[in-house]
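Engineer: Below: sequence and its predicted model.
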Amino acid sequence: MTKKNSLKRSKEQHGIILKREAVLKAKQAKKKKKLERKLVKKRKIPKNLVRGASKEPGKFEVALETVRERKRAERKRRGPKKMEIDLPEAGRRRRVEVQKTIGKAKRASLIEARRNLQPSPLDEEVIT
């Protein structure tokens, strides 16, 4: 192989390598761009709540209020259970024990009322 041919061949190989690198860089840039994309913003109000709000602006306010009510209800569901005792913060175990005794007393009064076939005091609380 002559010097001319070997130079030509090495230039061709170098060109092939450059093309490969360019393709690889493009792929990596595309992947990086995909990862850096902004997260889709969550809608404040679900679409199904505000259909036709452009024609009737009042619908938007109603939808906002509905969403607020849903959030409040969810917080209530997740919230801590209320204890029916007025103790200073004395530790969880003590509060739970007192709550258990209160619950047992209520249950006993219910059973006693059923045995005597009398309306229980708890039923009266519910009615009023």
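Structural biologist: Received it, and whenever you're ready, just let me know what you need. Numbering: from 1, shown residues only.
Engineer: Let me see the domain layout of the protein.
Structural biologist: What the record gives for the chain is the domain set 1-37, 44-79, 93-128, from automatic domain parsing.
Engineer: what would these look like in TSV with mean neighbour count?
Structural biologist: For glycine as for every other residue, the C-beta is placed from the backbone atoms N, C-alpha and C. TSV is the format used below for the domains of the chain (neighbours: other CB atoms under 10 Å):
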stretch	mean neighbour count
domain 1-37	9
domain 44-79	11
domain 93-128	11
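Engineer: Poorly predicted segments of the protein, please.
Structural biologist: Of all residues in the chain, those with pLDDT under 70 make up the ranges 1, 40-41, 53, 79-90, 118-128.
Engineer: Show the end-to-end separation of stretch 43-52, please.
Structural biologist: 16 Å (CA to CA, to the nearest Å).
Engineer: Pull the distance from that stretch to the chain's centre.
Structural biologist: 18 Å (CA atoms, centre = their mean, to the nearest Å).
Engineer: three-state assignment of the most centrally placed residue in the chain?
Structural biologist: With distances taken as CA atoms, centre = their mean, Glu74 lies nearest the centre of the chain, 10.6 Å away. Glu74 falls in the helix class when you classify it by DSSP: H, G, I helix; E, B strand; the rest coil.
Engineer: Give me the contact list for stretch 44-61.
Structural biologist: The list of residues contacting stretch 44-61 from outside it, by CB atoms under 8 Å, 6 or more residues apart in numbering, reads Ala63, Leu64, Thr66, Val67.
Engineer: Same list (those) but as CSV, adding distance to Glu21 and secondary structure.
Structural biologist: Written out in CSV, the entries for these read as follows (distance: CB to CB, whole Å; DSSP: H, G, I helix; E, B strand; the rest coil):
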residue, distance to Glu21, secondary structure
Ala63, 53, helix
Leu64, 54, helix
Thr66, 56, helix
Val67, 52, helix
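Engineer: Alright, I will stop here.
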